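Participant: structure for this input, please:
(one chain, ligands or ions: 2)
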Amino acid sequence: MASCNDTHEISYENTIAEQAQLVVIMVPFPAQGHLNQLLQLSCLISSYGIPVHYVGSAIHNRQAKVRANSLNPLDVVKLRFHDLTTPAFDSPPPNPNSTNKFPLQLQPVWYAMLSLRQPVAEYLKHISMQAKRVVVIHDPLMSVVVQDIASIPNADSYVFNCSSAYFHSSFESESLGKPFPIEQPKNVPSFEGCFSDDAFKIGALQVEPMKYRAGDIFNTCRALEGPLIDLIEREDAAENRKLWAIGPILPSKSLSANSQHKCLEWLDKQARNSVIYVSFGTTISLSDEEIKELAMGLEQSKQKFIWVLRDADKGNVFDGEVRRAELPDGFVERVKGLGMVVRDWAPQPEILAHPSTGGFMSHCGWNSCIESITMGVPIAAWPMHSDQPRNSVLITEIWKTGLIVREWGLREELVKASTIENVVRRLMALEEGNTIRKRAEELAAAVRQSTVEGGTSKVELDSFIAHITGQNMDCVSPTSSSIPSSSACNNSSHASAA
Ligand SMILES: *[C@@H]1O[C@H](CO)[C@@H](O)[C@H](O)[C@H]1NC(C)=O
Ligand SMILES: *[C@@H]1O[C@H](CO)[C@@H](O)[C@H](O)[C@H]1NC(C)=O
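Facilitator: Ligands and ions are numbered 1, 2, ... in the order given. Below you'll find the predicted structure:
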């Protein structure tokens, strides 16, 4: 992407010299799902004419840019990417054979990030001397790194939470040993097997420094999680903190270079709602055995499919060889016309927005959930780690917009082809699937309503902007031409039909 060229070390000084007012600094956590959401938020804030700086290692800044799904390159290029020097870190390959799918291979880079406290502090101090006001928006997992904000008088910080309110509250009540604050389904998956010990350690380090934040921003909306958002808002208020639920923060129109991908051409030729999209995000590697069962299951279901078969990310996604997983002998020939296997970076939001896509087999990462919900696509939920098992409860039990592929309690067992065949057929070929799809489309309509003028998420986004610019809310409006006032995907053909 030629238009996403790096802006280098000192470019931020120009902006500040020009504006000398407000500067927003984004500090993302280096994992794709987090980089992506903070990049989307950067473009949204920048659309109000506010200078936004995106701060991370050179590798992760580059990763965020080259994978900027559905963002307009002309919006991305307006952001100031500031590359911090990070210590060297190991970037081992993922282990596809592990039954526990937590991405241990990313831990070395996460530990390396913890040492960014000093360079980030220097950077913030430098900027704070030139801008009237500095607003830092950071991932909760980067709280350690931004904590020196507390000693800068004209700066304050906000946490942008990359997961559901449901996960936040589940995790909080679990770690405090308290009951879940509102009624929830009976048999929710346990937290066992969701995280590694090191992930808990890294998380625990954030608890104290997170207390410096002035507010919380959630990528969810009242239409999806109203009662929980109200509760968290009250807890925050008791601590003198504000909360804004502004999601979904997907770009409204897909203008990315990726829109030409061959799988979109293929989708153009398929019948409405006839294709199931299969993808497990960027942190999951399947074993050869798991791949074989999935391949056979898809083939036996006789349903059209697009399957993104990629290995999990390494700490440095630009570094060296990646395993190319083997498919069963003759599979690709046998499924010609029925489905396609994609090995490169797929334009997921565009695939989900396509009218031919009628289902999504997903690990239930929050990006995937939000994209799917906004496009009105029901999910075959196969959660693998972290917040995914709880997100799958939202999908299958609370919103009832999907089916479970494999119960969390059975996570050590191989998922058989017959299981996959069965769930794909239920979702794509049976009346049960149509009912679920109808619910997904109805929910999508409500969610998209949130982000248009007058919708709750749009009002809260405007209120956040007014809060950080110190303006009256009526004066706040986006200035960018490519991001209209609504932040969700108005172009999806799914939900508009609902
Ligand atoms: C995983 O198992 C396969 C055999 O099923 C083996 O060929 C491969 O080397 C193993 N990979 C790792 C990283 O242990
Ligand atoms: C947000 O998300 C993290 C997990 O990424 C969670 O542990 C944290 O407590 C959440 N809460 C807030 C207010 O950010």
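Participant: please make it C-alpha for all contacts and neighbour counts, starting now.
Facilitator: OK.
Participant: name the residue of the stretch 251-400 of the chain that lies nearest to ligand 2.
Facilitator: Ligand 2 sits closest to residue 387 of the stretch 251-400 of the chain, with a gap of 7.8 Å, by CA to the nearest ligand atom.
Participant: next one: phi and psi at that residue?
Facilitator: With angles defined as degrees, to the nearest 10, residue 387 sits at phi -80, psi -10.
Participant: wait, it sits on residue 162?
Facilitator: No: applying CA atoms under 8 Å as the test, residue 387 and residue 162 come out as separate, 10.1 Å apart.
Participant: these two: which is more packed in?
Facilitator: Neighbours were counted for residue 387 and for residue 162 using other CA atoms under 10 Å; residue 162 has more, 25 against 22.
Participant: picking that back up, overlap in contacts, residue 387 and residue 162.
Facilitator: Taking CA atoms under 8 Å, 6 or more residues apart in numbering as the contact rule, residue 387 and residue 162 both touch residue 366.
Participant: residues from the stretch 1-150 of the chain in reach of ligand 1?
Facilitator: Within the stretch 1-150 of the chain, the positions near ligand 1 by CA under 6 Å from any ligand atom are 95, 97.
Participant: residues from the stretch 1-150 of the chain in reach of ligand 2?
Facilitator: residue 140.
Participant: can you map out the strands along the stretch 1-150 of the chain?
Facilitator: In the stretch 1-150 of the chain, the segments counted as strands under DSSP state E, counting those that start in this stretch are 22-27, 52-57, 80-84, 133-138.
Participant: how about a markdown table for those strands, with mean pLDDT and mean neighbour count added?
Facilitator: Shown next, in a markdown table, are these (pLDDT from 0 to 100; neighbours: other CA atoms under 10 Å):
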| stretch | mean pLDDT | mean neighbour count |
| --- | --- | --- |
| strand 22-27 | 97 | 24 |
| strand 52-57 | 97 | 22 |
| strand 80-84 | 97 | 22 |
| strand 133-138 | 97 | 24 |
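Participant: quick one, which of the ones you listed gets closest to residue 320.
Facilitator: Ranking the strands of the stretch 1-150 of the chain by proximity to residue 320 (CA to CA) places strand 52-57 first, at 18.1 Å.
Participant: that closest one vs strand 22-27, what angle?
Facilitator: 30 degrees (axes from the mean of the first three to the mean of the last three CA atoms, to 10 degrees).
Participant: strand 52-57 vs strand 80-84, what angle?
Facilitator: In terms of direction (the same axes, to 10 degrees), strand 52-57 departs from strand 80-84 by 20 degrees.
Participant: helices or strands up against strand 52-57?
Facilitator: Packed against strand 52-57 by the contact rule (3 or more CA pairs under 8 Å, 6 or more residues apart in numbering; DSSP states H and E) you find strand 22-27, helix 32-46, strand 80-84.
Participant: count of residues packed around the residue nearest to the residue of the stretch 251-400 of the chain closest to ligand 2 when sequence neighbours are not counted?
Facilitator: Spatial nearest neighbour of residue 387, chain neighbours left out: residue 167 (6.1 Å); criterion: CA to CA, 6 or more residues apart in numbering. Close neighbours of residue 167, defined as other CA under 10 Å, add up to 19.
Participant: helix or strand next in line after the host helix or strand of residue 167, which one?
Facilitator: For residue 167, the element it lies in under DSSP states H and E is helix 165-176. Scanning forward in sequence from helix 165-176 by DSSP H and E, the next helix or strand is helix 197-206.
Participant: what's that next one in contact with?
Facilitator: Residues outside helix 197-206 that contact it (CA under 8 Å, 6+ apart) are 107, 111, 140, 141, 142, 143, 144.
Participant: between the residues you listed, which sits nearest ligand 1?
Facilitator: residue 107 (16.7 Å).
Participant: quick one: contacts for that closest one?
Facilitator: Residue 107 is in contact with 198, 199, 315, counting by CA under 8 Å, 6+ apart.
Participant: of these, buried ones?
Facilitator: 199, 315 (16 or more other CA atoms under 10 Å).
Participant: and which of the contacts of residue 107 is nearest residue 179?
Facilitator: Residue 179 lies nearest to residue 199 out of those, by CA to CA, at 23.3 Å.
Participant: pLDDT at that closest one, what is it?
Facilitator: pLDDT, residue 199: 97.
Participant: which ones are touching the spatially most central residue of the chain?
Facilitator: The C-alpha lying nearest the average C-alpha coordinate of the chain belongs to residue 367 (CA atoms, centre = their mean; 2.9 Å). Applying CA under 8 Å, 6+ apart to residue 367 gives the contacts 33, 37.
Participant: the one 3 residues further on too?
Facilitator: For residue 370, the set of contacting residues under the criterion of CA under 8 Å, 6+ apart consists of 220, 248.
Participant: any idea how far ligand 1 is from the residue of the stretch 251-400 of the chain closest to ligand 2?
Facilitator: Using CA to the nearest ligand atom, to the nearest Å, we find residue 387 at a distance of 25 Å from ligand 1.
Participant: inside helices: which ones of the contacts of helix 197-206?
Facilitator: The helices, defined by DSSP state H, take in 107, 111, 143, 144 from those.
Participant: number of nearby residues for the third one?
Facilitator: By that I understand residue 143. Residue 143 has 28 neighbours, counted by other CA under 10 Å.
Participant: what pLDDT does it get?
Facilitator: Residue 143 is assigned 98 on the pLDDT scale.
Participant: roughly how far is the lengthiest helix in the chain from the heart of the chain?
Facilitator: Scanning the chain for the helix with the most residues, using DSSP H, yields helix 431-450. Here helix 431-450 is found 20 Å from its chain centre; the criterion is CA atoms, centre = their mean, to the nearest Å.
Participant: kindly report the same for stretch 203-220.
Facilitator: How far stretch 203-220 lies from its chain's middle: 17 Å, per CA atoms, centre = their mean.
Participant: and if you look at stretch 322-342?
Facilitator: Remark: stretch 322-342 is offset 27 Å from the chain centroid, using CA atoms, centre = their mean.
Participant: what comes up buried for stretch 439-459?
Facilitator: By neighbour count on 16+ other CA under 10 Å, the buried set for stretch 439-459 is 439-452, 455-459.
Participant: how about stretch 328-348?
Facilitator: Across stretch 328-348, burial judged by 16+ other CA under 10 Å covers 332, 335, 338, 339, 340, 341, 342, 346, 347, 348.
Participant: let's have those residues in TSV, adding secondary structure.
Facilitator: Converted to TSV, the buried residues of stretch 328-348 look like this (DSSP: H, G, I helix; E, B strand; the rest coil):
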residue	secondary structure
332	helix
335	coil
338	coil
339	strand
340	strand
341	strand
342	strand
346	coil
347	coil
348	helix
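Participant: isn't residue 159 right up against residue 135?
Facilitator: No: here residue 159 lies out of contact with residue 135, judged by CA under 8 Å, at a distance of 10.8 Å.
Participant: just to revisit the earlier point, give me the buried subset of the contacts of helix 197-206.
Facilitator: For the contacts of helix 197-206, burial is judged from neighbour counts taken by 16+ other CA under 10 Å, and it is met by 107, 140, 141, 142, 143, 144.
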